[in-house]
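Chemist: sequence unknown, structure follows:
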């Protein structure tokens, strides 16, 4: 599973990255989590509000920080 956290480095973006790492560990899924801060790359996803969470190329959350439970649900989706 390929997970990307999109955000320019604001506190919410950093928090989403931390919560995503926690959710991956708690759920037991095998995933590669990367942080994308390049605004040009973020724009390619059509994101107008960060942070955003992308799982296997699909934007699943944008403009907010979901709970760990919600992220786990998205991972098992």
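Modeler: Yep, it's here. Being a predicted model, the structure only gives us computed values, none of them experimental. Numbers count the residues shown, from 1 in each chain.
Chemist: when you work out contacts or count neighbours from here on, use the C-alpha atoms and nothing else.
Modeler: Will do.
Chemist: report the buried residues of the longest helix along the chain.
Modeler: Using DSSP state H, we find that the single longest helix of the chain is helix 11-27. Using 16 or more other CA atoms under 10 Å as the test for burial, helix 11-27 gives 12-14, 16-17, 19-21, 23-24.
Chemist: which SSE is the residue nearest in space to the middle of the chain in?
Modeler: Centroid-nearest residue in the chain, with CA atoms, centre = their mean: residue 53, separated by 2.7 Å. For residue 53, the enclosing helix or strand under DSSP states H and E is strand 52-55.
Chemist: how distant is that strand from the center of its chain?
Modeler: Taking CA atoms, centre = their mean, to the nearest Å, one finds strand 52-55 lying 4 Å from the centre of the chain it belongs to.
Chemist: so what touches the helix or strand following that strand?
Modeler: On the C-terminal side of strand 52-55, the nearest following helix or strand under DSSP H and E is strand 58-62. Residues outside strand 58-62 that contact it (CA atoms under 8 Å, 6 or more residues apart in numbering) are 45, 47, 49-54, 74.
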